[in-house]
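Engineer: Sequence first, then the predicted structure:
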Amino acid sequence: MSLEQEIKRRRTFAIISHPDAGKTTLTEKLLLFGGAIHVAGAVKSNKIKKGATSDFMEIERQRGISVATSVMGFEYNDIKVNILDTPGHEDFQEDTFRTLTAVDSVIIVIDCAKGVEAQTRKLMNVCRMRNTPVIVFINKLDRIGKDPFELLDEIEEELKIKTRPLSWPISMGPSFKGVYNMYERNLNLFFSEDKTVVTDDVVKIDDISSPELDTYVGDYAEKLREDVELVEGIYPEFDIDTYRRGELAPVFFGSALNNFGVKELLNCFCDIAPYPQKTVTDAREIDPFEEKLTGFIFKIHANMDPNHRNRIAFLKICSGTFERNKPYFHVGSGKSLRFSSPNAFMASKKEVVDFAYPGDIVGLHDTGNFKIGDTFTEGEKINFKGIPSFSPELFQYIENADPLKFKQLAKGVDQLMDEGVAQLFTLKMNGRKIIGCVGALQFDVIQYRLEHEYTAKCRYEPISLYKACWIESDNKEQLDDFMRRKYTHVALDKHGRNVFLADSPYSLQLAQEKFTDIKFHFTSEF
Ligand code: G4P
(Lines give C-alpha, C1' and ligand atoms only; values in the text may rest on other atoms or scores of the structure.)
Protein backbone atom coordinates (compact mmCIF):
# COMPACT_ATOMS: atom_id res chain seq x y z
CA MET A 1 0.00 0.00 0.00
CA SER A 2 1.32 3.49 -0.78
CA LEU A 3 1.97 6.10 1.90
CA GLU A 4 -1.01 8.06 0.58
CA GLN A 5 -3.33 5.07 0.92
CA GLU A 6 -2.04 4.34 4.41
CA ILE A 7 -2.70 7.92 5.50
CA LYS A 8 -6.16 8.14 3.97
CA ARG A 9 -7.35 5.02 5.76
CA ARG A 10 -6.40 6.27 9.22
CA ARG A 11 -8.75 7.81 11.77
CA THR A 12 -7.08 8.99 14.96
CA PHE A 13 -9.42 10.37 17.58
CA ALA A 14 -10.25 10.68 21.27
CA ILE A 15 -13.47 10.11 23.15
CA ILE A 16 -14.10 12.80 25.74
CA SER A 17 -16.84 13.42 28.26
CA HIS A 18 -17.75 14.65 31.68
CA PRO A 19 -17.10 11.76 34.11
CA ASP A 20 -19.82 9.11 34.14
CA ALA A 21 -21.42 10.03 30.82
CA GLY A 22 -20.25 6.70 29.39
CA LYS A 23 -16.86 7.28 27.74
CA THR A 24 -15.40 3.97 28.93
CA THR A 25 -18.51 2.03 27.98
CA LEU A 26 -18.62 3.58 24.51
CA THR A 27 -14.89 2.95 23.95
CA GLU A 28 -15.40 -0.66 24.80
CA LYS A 29 -18.43 -1.01 22.54
CA LEU A 30 -16.57 0.58 19.62
CA LEU A 31 -13.85 -2.05 20.12
CA LEU A 32 -16.53 -4.72 20.28
CA PHE A 33 -18.33 -3.63 17.10
CA GLY A 34 -14.95 -3.05 15.47
CA GLY A 35 -14.07 -6.68 16.18
CA ALA A 36 -11.02 -5.71 18.27
CA ILE A 37 -12.41 -7.51 21.30
CA HIS A 38 -15.01 -10.25 21.39
CA VAL A 39 -16.65 -9.78 24.74
CA ALA A 40 -17.35 -6.49 26.49
CA GLY A 41 -15.72 -6.18 29.89
CA ALA A 42 -12.16 -6.55 28.61
CA VAL A 43 -11.26 -2.90 28.82
CA LYS A 44 -10.91 -1.64 32.35
CA SER A 45 -11.96 1.81 33.30
CA ASN A 46 -9.06 4.13 34.00
CA LYS A 47 -11.37 6.13 36.16
CA ILE A 48 -10.33 7.03 39.67
CA LYS A 49 -13.45 6.41 41.65
CA LYS A 50 -14.79 9.10 43.90
CA GLY A 51 -13.33 8.96 47.39
CA ALA A 52 -10.17 7.26 46.18
CA THR A 53 -8.13 10.45 46.39
CA SER A 54 -5.88 9.14 49.13
CA ASP A 55 -5.75 5.58 47.89
CA PHE A 56 -2.39 5.51 46.15
CA MET A 57 -2.62 1.86 45.25
CA GLU A 58 -5.74 2.75 43.36
CA ILE A 59 -3.88 5.48 41.49
CA GLU A 60 -1.07 3.06 40.69
CA ARG A 61 -3.52 0.43 39.56
CA GLN A 62 -5.23 2.94 37.31
CA ARG A 63 -1.92 4.06 35.93
CA GLY A 64 -1.08 0.47 35.10
CA ILE A 65 -4.32 0.10 33.21
CA SER A 66 -3.89 3.31 31.36
CA VAL A 67 -0.53 2.21 29.88
CA ALA A 68 -2.38 -0.62 28.19
CA THR A 69 -5.31 1.48 27.09
CA SER A 70 -3.46 4.68 26.17
CA VAL A 71 -3.91 3.91 22.49
CA MET A 72 -6.30 1.34 21.14
CA GLY A 73 -5.84 0.62 17.46
CA PHE A 74 -7.92 -1.71 15.34
CA GLU A 75 -8.78 -2.47 11.72
CA TYR A 76 -12.39 -2.08 10.63
CA ASN A 77 -13.56 -2.34 7.01
CA ASP A 78 -10.04 -1.44 5.78
CA ILE A 79 -9.94 1.59 8.05
CA LYS A 80 -7.24 1.78 10.72
CA VAL A 81 -8.93 3.27 13.77
CA ASN A 82 -6.74 4.67 16.58
CA ILE A 83 -8.58 5.61 19.76
CA LEU A 84 -6.52 7.72 22.17
CA ASP A 85 -7.59 7.32 25.75
CA THR A 86 -7.98 10.32 28.04
CA PRO A 87 -8.15 10.31 31.83
CA GLY A 88 -11.64 10.89 33.19
CA HIS A 89 -10.63 12.56 36.43
CA GLU A 90 -10.62 16.35 36.16
CA ASP A 91 -7.39 16.66 38.18
CA PHE A 92 -5.63 15.12 35.19
CA GLN A 93 -7.31 17.22 32.52
CA GLU A 94 -3.97 18.65 31.35
CA ASP A 95 -3.22 15.15 30.15
CA THR A 96 -6.46 15.20 28.19
CA PHE A 97 -5.63 18.60 26.67
CA ARG A 98 -2.27 17.27 25.49
CA THR A 99 -3.84 14.17 24.02
CA LEU A 100 -6.19 16.41 22.06
CA THR A 101 -3.14 17.83 20.26
CA ALA A 102 -2.50 14.38 18.79
CA VAL A 103 -5.95 13.65 17.33
CA ASP A 104 -7.68 14.58 14.11
CA SER A 105 -11.18 14.50 15.55
CA VAL A 106 -13.12 13.73 18.72
CA ILE A 107 -16.33 12.09 19.86
CA ILE A 108 -18.01 13.82 22.79
CA VAL A 109 -20.28 11.68 24.95
CA ILE A 110 -23.22 13.36 26.69
CA ASP A 111 -25.61 11.82 29.21
CA CYS A 112 -29.17 12.35 27.90
CA ALA A 113 -30.50 13.13 31.38
CA LYS A 114 -27.73 15.50 32.42
CA GLY A 115 -27.12 17.25 29.11
CA VAL A 116 -24.03 19.43 28.70
CA GLU A 117 -21.90 19.37 31.90
CA ALA A 118 -18.97 21.45 33.17
CA GLN A 119 -16.18 19.34 31.76
CA THR A 120 -17.95 18.92 28.42
CA ARG A 121 -17.84 22.68 28.07
CA LYS A 122 -14.14 22.94 28.97
CA LEU A 123 -13.12 20.16 26.59
CA MET A 124 -15.20 21.68 23.81
CA ASN A 125 -13.33 24.97 24.33
CA VAL A 126 -10.06 23.17 23.63
CA CYS A 127 -11.55 21.57 20.51
CA ARG A 128 -12.78 24.94 19.34
CA MET A 129 -9.34 26.52 19.81
CA ARG A 130 -7.93 23.92 17.42
CA ASN A 131 -10.97 23.65 15.10
CA THR A 132 -11.09 19.93 15.83
CA PRO A 133 -14.07 18.22 14.15
CA VAL A 134 -16.52 16.93 16.76
CA ILE A 135 -19.18 14.22 16.70
CA VAL A 136 -21.62 14.08 19.62
CA PHE A 137 -22.96 10.81 21.01
CA ILE A 138 -25.95 11.26 23.33
CA ASN A 139 -25.91 8.25 25.62
CA LYS A 140 -28.17 6.39 28.07
CA LEU A 141 -31.38 6.68 26.04
CA ASP A 142 -32.52 3.57 27.91
CA ARG A 143 -33.16 5.96 30.78
CA ILE A 144 -35.62 8.81 30.86
CA GLY A 145 -33.77 11.93 29.78
CA LYS A 146 -34.35 15.29 28.17
CA ASP A 147 -36.28 15.62 24.93
CA PRO A 148 -33.97 15.06 21.91
CA PHE A 149 -34.81 18.43 20.33
CA GLU A 150 -34.16 20.16 23.65
CA LEU A 151 -30.77 18.41 23.89
CA LEU A 152 -29.80 19.58 20.42
CA ASP A 153 -30.68 23.17 21.33
CA GLU A 154 -28.71 22.87 24.55
CA ILE A 155 -25.63 21.62 22.68
CA GLU A 156 -25.86 24.44 20.14
CA GLU A 157 -26.18 27.03 22.87
CA GLU A 158 -23.73 25.72 25.44
CA LEU A 159 -21.06 24.28 23.16
CA LYS A 160 -21.44 27.03 20.57
CA ILE A 161 -21.56 24.70 17.61
CA LYS A 162 -24.26 23.92 15.05
CA THR A 163 -25.72 20.42 15.22
CA ARG A 164 -27.21 17.96 12.73
CA PRO A 165 -28.73 14.71 14.02
CA LEU A 166 -27.60 11.68 12.00
CA SER A 167 -29.50 9.16 14.07
CA TRP A 168 -32.77 9.46 15.93
CA PRO A 169 -34.09 7.61 18.99
CA ILE A 170 -37.29 5.58 18.89
CA SER A 171 -38.80 6.43 22.27
CA MET A 172 -36.61 6.46 25.38
CA GLY A 173 -36.44 5.04 28.88
CA PRO A 174 -37.90 1.58 29.44
CA SER A 175 -39.65 1.65 26.04
CA PHE A 176 -36.51 2.66 24.09
CA LYS A 177 -36.45 0.57 20.89
CA GLY A 178 -33.31 1.65 19.10
CA VAL A 179 -32.22 4.36 16.69
CA TYR A 180 -33.12 5.26 13.15
CA ASN A 181 -29.98 5.81 11.05
CA MET A 182 -30.56 9.15 9.31
CA TYR A 183 -27.18 8.98 7.59
CA GLU A 184 -27.88 5.71 5.78
CA ARG A 185 -31.65 6.08 6.02
CA ASN A 186 -32.28 2.66 7.46
CA LEU A 187 -33.07 1.04 10.74
CA ASN A 188 -31.49 -1.88 12.54
CA LEU A 189 -33.42 -3.34 15.42
CA PHE A 190 -31.44 -5.54 17.79
CA PHE A 191 -33.13 -8.26 19.76
CA SER A 192 -30.31 -10.05 21.51
CA GLU A 193 -30.47 -10.04 25.29
CA ASP A 194 -26.71 -10.46 25.68
CA LYS A 195 -25.19 -6.99 25.53
CA THR A 196 -21.59 -8.12 25.94
CA VAL A 197 -21.33 -9.54 22.43
CA VAL A 198 -22.37 -8.60 18.89
CA THR A 199 -24.94 -10.96 17.34
CA ASP A 200 -26.71 -11.25 13.99
CA ASP A 201 -30.07 -11.05 15.66
CA VAL A 202 -31.00 -7.91 13.76
CA VAL A 203 -34.01 -6.80 11.73
CA LYS A 204 -33.15 -4.36 8.98
CA ILE A 205 -35.81 -1.96 7.70
CA ASP A 206 -34.85 0.16 4.70
CA ASP A 207 -37.90 2.40 4.54
CA ILE A 208 -39.54 3.81 7.63
CA SER A 209 -42.83 4.32 5.81
CA SER A 210 -43.11 0.55 5.47
CA PRO A 211 -45.80 -1.14 7.66
CA GLU A 212 -43.06 -3.50 8.84
CA LEU A 213 -41.91 -0.71 11.17
CA ASP A 214 -45.30 -0.68 12.90
CA THR A 215 -45.06 -4.43 13.42
CA TYR A 216 -41.86 -4.07 15.38
CA VAL A 217 -42.18 -0.79 17.24
CA GLY A 218 -45.96 -0.37 17.38
CA ASP A 219 -47.22 3.09 18.30
CA TYR A 220 -43.72 4.56 18.24
CA ALA A 221 -43.57 4.15 14.45
CA GLU A 222 -45.82 7.13 13.80
CA LYS A 223 -43.89 9.32 16.26
CA LEU A 224 -40.61 8.40 14.56
CA ARG A 225 -41.98 9.34 11.12
CA GLU A 226 -43.13 12.69 12.49
CA ASP A 227 -39.84 13.38 14.23
CA VAL A 228 -37.80 12.50 11.16
CA GLU A 229 -39.92 14.79 9.02
CA LEU A 230 -39.45 17.57 11.55
CA VAL A 231 -35.67 17.05 11.71
CA GLU A 232 -35.39 17.11 7.92
CA GLY A 233 -37.47 20.27 7.91
CA ILE A 234 -35.49 22.14 10.55
CA TYR A 235 -31.92 21.04 9.94
CA PRO A 236 -30.13 21.54 6.62
CA GLU A 237 -28.64 18.48 4.88
CA PHE A 238 -25.52 17.22 6.60
CA ASP A 239 -22.48 18.94 5.11
CA ILE A 240 -19.21 17.10 5.57
CA ASP A 241 -16.99 20.12 4.94
CA THR A 242 -18.71 22.19 7.63
CA TYR A 243 -18.17 19.27 10.01
CA ARG A 244 -14.50 18.93 9.07
CA ARG A 245 -13.93 22.63 9.66
CA GLY A 246 -15.22 22.12 13.21
CA GLU A 247 -18.33 24.24 12.68
CA LEU A 248 -20.98 21.52 12.71
CA ALA A 249 -21.38 18.56 15.05
CA PRO A 250 -23.20 15.51 13.73
CA VAL A 251 -25.23 14.03 16.61
CA PHE A 252 -25.95 10.37 17.32
CA PHE A 253 -28.27 8.95 19.95
CA GLY A 254 -28.00 5.59 21.66
CA SER A 255 -27.25 3.51 24.68
CA ALA A 256 -23.67 2.29 24.77
CA LEU A 257 -24.44 -0.15 27.56
CA ASN A 258 -27.22 -1.75 25.51
CA ASN A 259 -25.40 -1.70 22.16
CA PHE A 260 -27.87 0.77 20.64
CA GLY A 261 -26.60 3.36 18.20
CA VAL A 262 -22.94 2.32 18.41
CA LYS A 263 -22.65 0.62 15.04
CA GLU A 264 -24.39 3.55 13.34
CA LEU A 265 -21.85 5.84 14.99
CA LEU A 266 -18.82 3.72 14.07
CA ASN A 267 -19.80 3.29 10.42
CA CYS A 268 -20.53 6.94 9.90
CA PHE A 269 -17.41 7.97 11.83
CA CYS A 270 -15.20 5.86 9.52
CA ASP A 271 -16.92 7.45 6.56
CA ILE A 272 -16.80 11.13 7.52
CA ALA A 273 -14.04 11.64 10.11
CA PRO A 274 -10.91 13.28 8.68
CA TYR A 275 -7.71 11.35 7.98
CA PRO A 276 -4.48 12.83 9.39
CA GLN A 277 -4.28 16.54 8.60
CA LYS A 278 -1.57 19.15 8.34
CA THR A 279 0.23 20.14 11.55
CA VAL A 280 1.86 23.41 12.50
CA THR A 281 5.49 23.80 13.58
CA ASP A 282 7.45 26.89 14.52
CA ALA A 283 9.03 26.93 11.04
CA ARG A 284 6.39 25.70 8.61
CA GLU A 285 3.30 23.58 8.10
CA ILE A 286 3.85 19.83 7.83
CA ASP A 287 1.86 17.90 5.26
CA PRO A 288 1.28 14.27 6.30
CA PHE A 289 2.07 13.14 2.74
CA GLU A 290 5.67 14.39 2.89
CA GLU A 291 8.12 11.52 2.44
CA LYS A 292 10.26 12.41 5.42
CA LEU A 293 9.29 11.47 8.92
CA THR A 294 8.19 14.05 11.46
CA GLY A 295 6.45 13.48 14.78
CA PHE A 296 6.19 14.70 18.36
CA ILE A 297 5.84 13.26 21.83
CA PHE A 298 2.52 14.11 23.45
CA LYS A 299 2.61 11.80 26.43
CA ILE A 300 5.18 10.03 28.60
CA HIS A 301 4.32 7.12 30.78
CA ALA A 302 6.56 5.73 33.52
CA ASN A 303 6.90 1.99 33.50
CA MET A 304 4.96 0.19 36.18
CA ASP A 305 7.53 -2.53 36.75
CA PRO A 306 9.82 -1.42 39.62
CA ASN A 307 12.71 -3.45 38.15
CA HIS A 308 12.55 -1.65 34.84
CA ARG A 309 12.05 1.96 35.64
CA ASN A 310 12.23 3.12 32.07
CA ARG A 311 9.44 5.03 30.46
CA ILE A 312 7.35 4.87 27.33
CA ALA A 313 7.15 8.04 25.26
CA PHE A 314 4.18 8.24 22.89
CA LEU A 315 5.19 9.56 19.50
CA LYS A 316 2.48 10.84 17.17
CA ILE A 317 3.59 10.44 13.56
CA CYS A 318 2.78 13.57 11.55
CA SER A 319 4.38 12.81 8.19
CA GLY A 320 6.37 10.17 6.32
CA THR A 321 6.96 6.57 7.34
CA PHE A 322 8.41 5.57 10.69
CA GLU A 323 10.82 2.63 10.42
CA ARG A 324 12.24 0.47 13.14
CA ASN A 325 16.03 0.81 13.56
CA LYS A 326 16.26 3.84 11.29
CA PRO A 327 18.09 6.79 12.86
CA TYR A 328 15.95 9.85 13.60
CA PHE A 329 16.94 13.32 14.69
CA HIS A 330 15.85 14.25 18.20
CA VAL A 331 15.55 18.03 17.87
CA GLY A 332 15.73 18.64 21.65
CA SER A 333 19.15 17.03 22.17
CA GLY A 334 20.50 17.34 18.63
CA LYS A 335 21.26 13.61 18.72
CA SER A 336 20.49 10.92 16.22
CA LEU A 337 18.57 8.05 17.82
CA ARG A 338 17.34 4.70 16.57
CA PHE A 339 14.70 2.50 18.13
CA SER A 340 15.07 -1.26 18.03
CA SER A 341 11.77 -2.16 19.63
CA PRO A 342 9.18 0.56 19.06
CA ASN A 343 5.66 -0.48 20.05
CA ALA A 344 2.40 -0.25 18.19
CA PHE A 345 -0.79 -0.44 20.21
CA MET A 346 -3.52 -2.79 19.03
CA ALA A 347 -6.69 -2.80 21.15
CA SER A 348 -5.33 -3.40 24.61
CA LYS A 349 -2.04 -5.10 23.79
CA LYS A 350 1.18 -3.74 22.40
CA GLU A 351 3.55 -5.29 19.90
CA VAL A 352 6.85 -4.40 18.21
CA VAL A 353 6.21 -2.55 14.97
CA ASP A 354 8.41 -2.26 11.84
CA PHE A 355 6.55 0.54 10.09
CA ALA A 356 4.10 3.21 11.21
CA TYR A 357 2.32 5.99 9.32
CA PRO A 358 0.88 9.44 9.98
CA GLY A 359 -1.97 9.14 12.46
CA ASP A 360 -0.31 6.22 14.23
CA ILE A 361 1.12 6.39 17.72
CA VAL A 362 4.41 4.64 18.39
CA GLY A 363 5.64 3.81 21.90
CA LEU A 364 9.35 4.55 22.32
CA HIS A 365 11.41 3.25 25.22
CA ASP A 366 12.96 6.14 27.08
CA THR A 367 15.45 6.15 29.91
CA GLY A 368 14.58 9.68 30.96
CA ASN A 369 15.76 11.77 28.03
CA PHE A 370 12.48 12.81 26.45
CA LYS A 371 10.07 15.59 27.27
CA ILE A 372 6.50 16.28 26.28
CA GLY A 373 6.56 18.19 23.00
CA ASP A 374 9.90 16.74 21.80
CA THR A 375 10.09 16.62 18.02
CA PHE A 376 11.64 13.90 15.82
CA THR A 377 12.60 14.48 12.18
CA GLU A 378 15.04 13.24 9.55
CA GLY A 379 17.34 16.18 10.25
CA GLU A 380 15.22 19.29 10.03
CA LYS A 381 15.27 21.58 13.08
CA ILE A 382 11.61 22.26 13.76
CA ASN A 383 9.35 22.14 16.78
CA PHE A 384 5.67 21.25 16.77
CA LYS A 385 3.35 23.83 18.25
CA GLY A 386 0.18 23.44 20.18
CA ILE A 387 1.31 21.54 23.25
CA PRO A 388 0.96 24.23 25.86
CA SER A 389 1.26 23.96 29.62
CA PHE A 390 -1.63 25.67 31.32
CA SER A 391 -1.22 28.20 34.05
CA PRO A 392 -1.55 26.20 37.29
CA GLU A 393 -3.78 27.32 40.13
CA LEU A 394 -2.60 25.20 43.07
CA PHE A 395 0.84 25.72 44.59
CA GLN A 396 3.04 24.28 47.32
CA TYR A 397 6.70 24.60 48.21
CA ILE A 398 8.47 21.30 47.73
CA GLU A 399 11.23 20.48 50.24
CA ASN A 400 13.63 17.60 50.57
CA ALA A 401 12.62 15.42 53.51
CA ASP A 402 15.65 13.12 53.41
CA PRO A 403 19.03 14.93 53.28
CA LEU A 404 20.80 11.81 52.00
CA LYS A 405 18.55 11.59 48.95
CA PHE A 406 19.05 15.05 47.54
CA LYS A 407 20.16 13.81 44.12
CA GLN A 408 17.35 11.27 43.81
CA LEU A 409 14.82 13.98 44.62
CA ALA A 410 16.23 16.36 42.02
CA LYS A 411 16.22 13.65 39.36
CA GLY A 412 12.73 12.49 40.28
CA VAL A 413 11.26 15.97 40.22
CA ASP A 414 12.99 16.68 36.93
CA GLN A 415 11.64 13.55 35.24
CA LEU A 416 8.12 13.91 36.62
CA MET A 417 8.01 17.46 35.27
CA ASP A 418 9.17 16.19 31.85
CA GLU A 419 6.28 13.75 31.98
CA GLY A 420 3.98 16.72 32.46
CA VAL A 421 2.69 15.66 35.88
CA ALA A 422 3.00 19.24 37.18
CA GLN A 423 5.14 22.37 36.72
CA LEU A 424 8.15 23.48 38.68
CA PHE A 425 8.96 27.12 39.43
CA THR A 426 12.14 28.34 41.11
CA LEU A 427 11.80 31.60 43.02
CA LYS A 428 14.35 34.10 41.78
CA MET A 429 14.94 35.67 45.17
CA ASN A 430 15.97 32.55 47.10
CA GLY A 431 15.93 29.54 44.79
CA ARG A 432 13.07 27.84 46.64
CA LYS A 433 11.15 25.39 44.51
CA ILE A 434 7.40 25.57 44.02
CA ILE A 435 5.23 22.90 42.43
CA GLY A 436 2.24 24.19 40.49
CA CYS A 437 -0.65 21.86 39.65
CA VAL A 438 -3.99 22.01 37.95
CA GLY A 439 -5.58 19.35 40.21
CA ALA A 440 -4.90 18.64 43.89
CA LEU A 441 -4.46 14.90 43.33
CA GLN A 442 -1.26 15.61 41.40
CA PHE A 443 0.56 16.60 44.62
CA ASP A 444 -0.16 13.18 46.10
CA VAL A 445 0.88 11.43 42.92
CA ILE A 446 4.22 13.27 42.90
CA GLN A 447 4.98 12.46 46.53
CA TYR A 448 4.02 8.83 46.10
CA ARG A 449 5.97 8.35 42.90
CA LEU A 450 9.08 10.14 44.22
CA GLU A 451 9.12 7.68 47.07
CA HIS A 452 8.40 4.54 45.06
CA GLU A 453 10.29 5.23 41.88
CA TYR A 454 13.18 7.40 43.03
CA THR A 455 13.49 6.45 46.75
CA ALA A 456 13.27 10.15 47.54
CA LYS A 457 11.13 11.82 50.15
CA CYS A 458 9.53 15.20 49.79
CA ARG A 459 7.53 17.46 52.05
CA TYR A 460 5.15 20.20 51.00
CA GLU A 461 4.75 23.57 52.62
CA PRO A 462 1.78 25.79 51.98
CA ILE A 463 2.11 28.94 49.93
CA SER A 464 -0.73 31.23 49.14
CA LEU A 465 -0.76 32.03 45.44
CA TYR A 466 -3.54 32.66 42.99
CA LYS A 467 -2.05 32.05 39.54
CA ALA A 468 1.22 31.72 37.68
CA CYS A 469 1.54 33.51 34.37
CA TRP A 470 4.37 33.77 31.90
CA ILE A 471 5.54 37.31 31.26
CA GLU A 472 7.38 38.92 28.37
CA SER A 473 7.89 42.41 27.02
CA ASP A 474 9.78 44.34 24.36
CA ASN A 475 9.99 47.24 26.77
CA LYS A 476 13.13 46.29 28.69
CA GLU A 477 12.92 49.23 31.04
CA GLN A 478 9.40 48.37 32.12
CA LEU A 479 10.26 44.70 32.48
CA ASP A 480 13.25 45.56 34.67
CA ASP A 481 11.07 47.83 36.76
CA PHE A 482 8.51 45.04 37.14
CA MET A 483 11.20 42.58 38.17
CA ARG A 484 12.48 44.98 40.82
CA ARG A 485 9.10 45.76 42.30
CA LYS A 486 7.75 42.21 42.16
CA TYR A 487 11.07 40.72 43.20
CA THR A 488 9.49 38.31 45.71
CA HIS A 489 6.93 37.03 43.21
CA VAL A 490 9.02 36.26 40.17
CA ALA A 491 10.19 32.75 39.39
CA LEU A 492 11.75 30.83 36.53
CA ASP A 493 10.00 27.90 34.90
CA LYS A 494 11.80 24.74 33.83
CA HIS A 495 12.94 26.37 30.60
CA GLY A 496 14.27 29.48 32.33
CA ARG A 497 11.39 31.72 31.35
CA ASN A 498 10.06 34.45 33.65
CA VAL A 499 6.88 33.68 35.52
CA PHE A 500 4.85 36.04 37.68
CA LEU A 501 3.29 34.37 40.73
CA ALA A 502 0.28 36.51 41.57
CA ASP A 503 -1.09 36.10 45.06
CA SER A 504 -4.61 37.34 44.28
CA PRO A 505 -6.82 38.24 41.30
CA TYR A 506 -6.48 41.80 42.51
CA SER A 507 -2.69 41.91 42.44
CA LEU A 508 -2.72 40.36 38.97
CA GLN A 509 -5.20 42.94 37.74
CA LEU A 510 -3.15 45.77 39.26
CA ALA A 511 0.01 44.50 37.63
CA GLN A 512 -1.75 44.24 34.25
CA GLU A 513 -3.06 47.78 34.56
CA LYS A 514 0.21 49.30 35.70
CA PHE A 515 2.61 47.49 33.38
CA THR A 516 0.82 47.91 30.09
CA ASP A 517 3.80 46.90 27.97
CA ILE A 518 4.12 43.53 29.66
CA LYS A 519 2.19 40.60 28.27
CA PHE A 520 0.77 38.17 30.83
CA HIS A 521 0.26 34.72 29.29
CA PHE A 522 -1.92 32.00 30.78
CA THR A 523 -0.55 29.19 28.66
CA SER A 524 3.13 28.50 28.17
CA GLU A 525 2.91 28.75 24.40
CA PHE A 526 2.86 32.26 23.01
P1 G4P B 1 -17.08 7.45 31.99
O2 G4P B 1 -16.00 6.61 31.44
O3 G4P B 1 -17.56 8.52 31.06
O4 G4P B 1 -16.82 7.99 33.35
O5 G4P B 1 -18.39 6.53 32.16
P6 G4P B 1 -18.54 4.95 32.19
O7 G4P B 1 -18.47 4.37 30.83
O8 G4P B 1 -17.69 4.36 33.24
O9 G4P B 1 -20.07 4.88 32.62
C10 G4P B 1 -20.55 5.46 33.81
C11 G4P B 1 -21.74 4.68 34.32
O12 G4P B 1 -22.80 4.77 33.37
C13 G4P B 1 -21.46 3.19 34.48
O14 G4P B 1 -22.22 2.71 35.57
C15 G4P B 1 -22.00 2.60 33.19
O16 G4P B 1 -22.37 1.25 33.31
C17 G4P B 1 -23.22 3.48 32.96
N18 G4P B 1 -23.62 3.54 31.54
C19 G4P B 1 -22.85 3.70 30.45
N20 G4P B 1 -23.60 3.69 29.33
C21 G4P B 1 -24.87 3.53 29.73
C22 G4P B 1 -26.12 3.42 29.03
O23 G4P B 1 -26.20 3.47 27.81
N24 G4P B 1 -27.22 3.27 29.80
C25 G4P B 1 -27.17 3.19 31.16
N26 G4P B 1 -28.32 3.04 31.81
N27 G4P B 1 -26.03 3.27 31.85
C28 G4P B 1 -24.89 3.44 31.14
P29 G4P B 1 -21.61 2.56 37.01
O30 G4P B 1 -22.66 1.92 37.83
O31 G4P B 1 -21.04 3.87 37.48
O32 G4P B 1 -20.35 1.68 36.78
P33 G4P B 1 -20.27 0.12 36.61
O34 G4P B 1 -20.19 -0.37 38.01
O35 G4P B 1 -21.50 -0.31 35.89
O36 G4P B 1 -19.02 -0.06 35.83
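Structural biologist: Perfect, thanks for sending it. Residues are numbered from 1 along each chain as shown.
Engineer: The closest residue to Thr523 other than its chain neighbours and Met124, how far apart?
Structural biologist: Once flanking residues are discounted, Thr523 sits nearest to Pro388: 3.9 Å by C-beta to C-beta, 6 or more residues apart in numbering. All C-beta atoms are positioned from the backbone trio N, CA, C, and that covers glycine. Distance, Pro388 to Met124, using C-beta to C-beta, to the nearest Å: 17 Å.
Engineer: higher neighbour count, those two?
Structural biologist: For Pro388 versus Met124, the count of surrounding residues by other C-beta atoms under 10 Å is larger for Met124: 23 against 18.
Engineer: Mind checking what secondary structure that one has?
Structural biologist: What DSSP: H, G, I helix; E, B strand; the rest coil gives for Met124 is helix.
Engineer: What ranges does the stretch 1-150 of the chain have for its strands?
Structural biologist: For the stretch 1-150 of the chain, the strands defined by DSSP state E, counting those that start in this stretch occupy 10-17, 71-76, 79-84, 105-111, 134-139.
Engineer: what's the offset of the second one from the middle of its chain?
Structural biologist: Counting by C-alpha atoms, centre = their mean, to the nearest Å, strand 71-76 is centred 16 Å from the centre of its parent chain.
Engineer: mind starting the numbering at 17 from now?
Structural biologist: Yep, numbering from 17; the last one is strand 87-92 now.
Engineer: quick one: it to strand 95-100, angle?
Structural biologist: Relative orientation of strand 87-92 and strand 95-100, computed by axes from the mean of the first three to the mean of the last three C-alpha atoms, to 10 degrees: 160 degrees.
Engineer: what residues does the stretch 217-366 of the chain put near the ligand?
Structural biologist: Contacts of the stretch 217-366 of the chain with the ligand, taken as C-beta under 6 Å from any ligand atom, map to 271-274.
Engineer: Is it correct that the residue nearest to Thr539 is in contact with Trp486?
Structural biologist: No: with contacts counted by C-beta atoms under 8 Å, Pro404 stays clear of Trp486, the gap being 10.0 Å.
Engineer: what residues are shared contacts of those two?
Structural biologist: Ser540 (C-beta atoms under 8 Å, 6 or more residues apart in numbering).
Engineer: so where is the protein shaky, pLDDT-wise?
Structural biologist: The chain contains residues with pLDDT under 70 at 57-85, 104, 207-209, 216-217, 319-325, 364, 402-403, 542.
Engineer: Just the helices from this protein, written as ranges.
Structural biologist: With DSSP state H as the criterion, the chain has helices at 19-24, 39-49, 72-84, 109-116, 134-145, 164-175, 227-233, 236-250, 256-260, 278-288, 422-434, 457-470, 492-501, 521-530.
Engineer: Could you chop this protein up by domain?
Structural biologist: Per automatic domain parsing, the domain ranges recorded for the chain read 19-293, 296-393, 410-537.
Engineer: gap between Asp210 and Ile316?
Structural biologist: From Asp210 to Ile316 the distance is 40 Å (C-beta to C-beta).
Engineer: brain fart, Glu44
Structural biologist: Using C-beta to C-beta, one gets 25 Å for the distance from Glu44 to Ile316.
Engineer: Those two - which one has more neighbours?
Structural biologist: Neighbours were counted for Glu44 and for Ile316 using other C-beta under 10 Å; Glu44 has more, 27 against 23.
Engineer: ok, now how distant is Asp533 from Glu493?
Structural biologist: In terms of C-beta to C-beta, Asp533 sits 9 Å off from Glu493.
Engineer: neighbour-wise, which of these two wins?
Structural biologist: Asp533 (12 against 9).
Engineer: ok, for that one, nearest residue in space, not its chain neighbours?
Structural biologist: Computed as C-beta to C-beta, 6+ apart, the closest residue to Asp533 that is not its neighbour in sequence is Asn491, at 3.7 Å.
Engineer: Can you name the residues of this protein sitting close to the ligand?
Structural biologist: Neighbours of the ligand within the chain, by C-beta under 6 Å from any ligand atom: 33, 35-41, 61, 63, 104, 155-156, 158-159, 271-274.
Engineer: Can I get the buried ones among these as something I can paste into ChimeraX?
Structural biologist: Remark: buried members of the residues of the chain next to the ligand, expressed as a ChimeraX selection using 16 or more other C-beta atoms under 10 Å:
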select :33,35,36,37,38,39,40,41,61,63,104,155,156,158,271,272,273,274
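Engineer: Now Ser489. Its backbone dihedrals?
Structural biologist: Backbone torsions of Ser489, given as degrees, to the nearest 10, read phi -160, psi 150.
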